[in-house]
Every structure is written in C-alpha cells, then in structure tokens.
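Undergrad: next input, structure requested:
(chains A, B and C, ligands or ions: 1)
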Amino acid sequence: MRLRTDVLIRLQKKLAKKILICPLTKEGERGKINSTSSSVPPILNPKNSPWLIAATDLGIKGDTFKAAIVVYELKVFSDRPPSLELIDEVVYRGNTSSIRFPYIPGFLSFREIPPLLKAFKKLSVSPDVILCDGQGIAHPRGVGLASHLGLTLRKPSVGCAKNKLCGNYGLLPPQKGSWVPLVYDGLTVGVVYRSRTGVKPIYISPGHLTDIPSSIALVELCLGRFRIPEPLRRAHILSNSL
DNA sequence: GCGACAG
DNA sequence: ATCTTGTCGC
Ligand SMILES: [Mg+2]
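TA: Model prediction:
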C-alpha cells in the first residue's frame, strides 16, 4: 500500500518556518552580534576553537539497522592545518522491521530520524553542530534530513549529500575547493562543492542554526584525503560494520 | 503526462 | 540504501 504523503508534506511546510539560517556559533554565543561585523564564519577564527563536531548515518543490513554517531573535536589554528580528534562513538542497533517509513525521495528524514534519536540518547557529550548524510534546506519544501534533525534536537546542523535531490547549478571547475551555488525555486539553498580534484562533487546545504558560508567552512575543515568529510565517513563505516 | 528523484 | 569481485584508470 502506498504511503500517504499529504500529512507529511503539511508537517514539513510547518517545520520549514522554524528553520533559522545564521552564522554557526556555539550555543552560548547564539544571537550575539559579530564584534567585527565581518562575514567570516566564526568557526574559521582560531579564538573560537575547539568545536565538537558530530556526524550521523544509518546503515541497514538484512534484519538489523545501525544508527551511528561519531563526535570529533575540531581545532582551528592560524599557523597550521586544523586538527580532528575522535572523542566519542555510539551505535544503536535495532530491527529493520521497526523502521516505520520506506525510502521515498523528499521524505528521508521520517525514515532515519527515529533511529538516529535513539542513538543520540546513548551519546554522553553535547556536540556544537551535527553533520548529516543528506540534504539540509536543499529540499523541495526546505526541510531535508539535516534540517529536520537539527530542529528536533534544537542544534545546529549541516547537510552533506552525495547526490542532488533538487535544484540547479552551473559548471563546476575540476579543482578541489571550487564550488557553485545550488539554486532551487529562485533561491540559493546550498552549494555543489568539489572536495577532491577531478572527483564527483558533494552537495552542501545548511540544516538549522547555520548558513551557507559556515556550512562550507565546516565541511572544508573536516576534509581529509577522501571525498566525504572525515566525521561522516567514519559514521558511515561504523553504521555498516559488525 | 514527463522527468527528477537525498538514503 | 543493499546485493557483491574483480578490474580499469589516474
Ligand atoms: Mg546514509
């Protein structure tokens, strides 16, 4: 039997109004005005380090699913590359049969959030921001997985997807670090970002309590030698291991 | 009606 | 996402 999406669509439209797009800051600094009034993301300022970066992913293998959360401590320096140190990891296992929704493009959050919330209950630390395997506001109704999770947990979140859900964009140079706006319905909702030279790009969009510049900066600071930022890569591996 | 379509 | 080994290319 087909899933009735009309109720879900109404909920998404209501949630969309609650999403806040602003520079990424720590909870205590939220709402304060930039002392320098500059457009430089606060996370790039060494003075604001360290940051606790969480990443989440869900893996389904046969009759078992695993919701994984990893937490890294990010330190930004003025005279050397940023450092990432693994702080904590948790995995919540459950029966695949307990997953209430099938996968339908545009409604991924309803399928993945319940298991992810279970995993968050096992987490003892409180991250400053959550990286999600999926879109943020780059969504037909502006509420992708990252946005929905951020709103639910009342925490900053960033969407980092391996594929596009919606929107259009122009030619993207092959060099690592290049990016172009991702436009949907006349609005720039994120960017298509080249994390590795000559490699398929990733799709970055703000989830909640962050903006596009801060989202790009966060992902860049978390990149290692792979296409996917290290925390998300680790969460993905963890959610698929034994 | 047709094409697009996160994980 | 999952099902799956070796193989092609930089
Ligand atoms: Mg995933």
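Undergrad: near DNA strand C, which residues of chain A? Just list them.
TA: A:59-62, A:103, A:133, A:162, A:198, A:236, A:240 (Cβ under 7 Å from any atom of the strand). Every residue, glycine included, has its C-beta placed from N, CA and C.
Undergrad: which one of those residues is nearest to the ion?
TA: Distance to the ion, by Cβ to the ion, is smallest for A:Asp133 among the residues of chain A next to DNA strand C, at 3.8 Å.
Undergrad: can stretch A:57-67 be found next to the ion?
TA: Yes: using Cβ under 5 Å from the ion, we find that stretch A:57-67 touches the ion at A:Asp57.
Undergrad: need the residues that contact that stretch.
TA: The contact list for stretch A:57-67 (Cβ atoms under 8 Å, 6 or more residues apart in numbering) reads A:56, A:68, A:91-97, A:99, A:112, A:115-116, A:118-119, A:133, A:232, A:235-236, A:238-240.
Undergrad: can you rerun that using 7 Å?
TA: A:68, A:91-96, A:99, A:112, A:115-116, A:118-119, A:133, A:232, A:235-236, A:239-240 (Cβ atoms under 7 Å, 6 or more residues apart in numbering).
Undergrad: about what we covered before: among the residues of chain A next to DNA strand C, which ones are buried?
TA: Buried by 16 or more other Cβ atoms under 10 Å: A:59-60, A:133, A:236, out of the residues of chain A next to DNA strand C.
Undergrad: next SSE downstream of the lengthiest helix in chain A?
TA: Ranked by residue count and defined by DSSP state H, the top helix of chain A is helix A:108-122. Scanning forward in sequence from helix A:108-122 by DSSP states H and E, the next helix or strand is strand A:129-132.
Undergrad: what mean pLDDT does that next one get?
TA: Confidence over strand A:129-132 (mean pLDDT, whole number) is 98.
Undergrad: which bits of chain A sit near DNA strand B?
TA: A:57-58, A:103, A:105-109, A:133-135, A:139, A:144-146, A:159, A:161-166.
Undergrad: for whichever residue of chain A sits closest to DNA strand C, list each beta-bridge partner.
TA: Across chain A, the shortest distance to DNA strand C (Cβ to the nearest atom of the strand) belongs to A:Gly59, at 3.8 Å. Counting by DSSP bridges, A:Gly59 forms beta bridges with A:Lys66.
Undergrad: please flag which of the residues of chain A next to DNA strand C sit within helices.
TA: A:236, A:240.
Undergrad: just put the residues of chain A next to DNA strand C in CSV and tack on distance to A:Leu8.
TA: Formatted as CSV, the residues of chain A next to DNA strand C follow (distance: Cβ to Cβ, whole Å):
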residue, distance to A:Leu8
A:Gly59, 23
A:Ile60, 20
A:Lys61, 26
A:Gly62, 27
A:Tyr103, 13
A:Asp133, 20
A:Lys162, 23
A:Gly198, 39
A:His236, 26
A:Asn240, 27
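Undergrad: farthest pair within the residues of chain A next to DNA strand C?
TA: A:Gly62 and A:Gly198 (35.8 Å; Cβ to Cβ).
Undergrad: show me where pLDDT drops low in chain A?
TA: For chain A, applying pLDDT under 70 flags the ranges A:1, A:33-37.
Undergrad: interface residues of it facing the ion?
TA: So far as Cβ under 5 Å from the ion goes, chain A lies against the ion at A:57, A:133.
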